[in-house]
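Engineer: What follows is a predicted protein model with its sequence.
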Amino acid sequence: MPKSISRMSKGDIILMLLGSSIHLSFRKQIKRQLITTGFKKRNVIIMEEIIKNEKNIDYGSLDDKFEWIVKNYNPRFFFAIFHKNVKNINGVIFEIGWLCGKLGSNIISKKLRFLFEDGYNLKRENTPSYIQALFSKILQLPFDESKEYQKCHIQILNFINPCLK
């Protein structure tokens, strides 16, 4: 029987960092920071870091790869990171839409978290209306890398800490 989230340690929690590919290095930095706080390297997932599946077979398409990752790793949390001044957020929008469609709104409201860089315009024109509708249903926090207490990895820990032993 799997552990309930209330009895999990950081090392047991699997999470996936979603975001714009232009900020891949930022997500890798967040992963390194989370590992220093006790997360296992293999349990902090960044899609771009997973090249082939366990049978060393290419995925074929990005949606097949995303589905394989979600099914095989079964992340407890998905953190969608939104940066200000990013013109193309299509990848993270696809991932959120895929998760909502496959998992349903009840499950996704417990697993998906939004992190917005301080100054992100929630009503910007390229944020689809269905994502804007999720803003009221999904827990969210701003992050600001210039403030120690509000750095992105700290905000992720703020989301997760109530769930730890």
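Structural biologist: Received it, and whenever you're ready, just let me know what you need.

Engineer: Which stretches in this structure count as helices?
Structural biologist: The residue ranges that make up the helices of the chain, judged by DSSP state H, are 24-36, 62-73, 90-103, 105-111, 129-134, 152-160.

Engineer: Redo these as a markdown table? Include mean pLDDT and mean neighbour count.
Structural biologist: Heads up, the C-betas are built off the backbone N, CA and C, glycines and all. What follows is the helices of the chain, written out as a markdown table (pLDDT from 0 to 100; neighbours: other Cβ atoms under 10 Å):
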| stretch | mean pLDDT | mean neighbour count |
| --- | --- | --- |
| helix 24-36 | 96 | 16 |
| helix 62-73 | 88 | 15 |
| helix 90-103 | 89 | 17 |
| helix 105-111 | 86 | 13 |
| helix 129-134 | 76 | 14 |
| helix 152-160 | 93 | 20 |
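
Engineer: Mind putting these into TSV with distance to Leu18?
Structural biologist: Shown next, in TSV, are the helices of the chain (distance: least, Cβ to Cβ, whole Å):
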stretch	distance to Leu18
helix 24-36	8
helix 62-73	10
helix 90-103	5
helix 105-111	11
helix 129-134	12
helix 152-160	12
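
Engineer: Out of those helices, flag the one nearest Gly11.
Structural biologist: Among the helices of the chain, helix 24-36 comes nearest to Gly11, with 10.1 Å by Cβ to Cβ.

Engineer: angle of that closest one against helix 152-160?
Structural biologist: Compare the direction of helix 24-36 with that of helix 152-160 by axes from the mean of the first three to the mean of the last three Cα atoms, to 10 degrees and you get 60 degrees.
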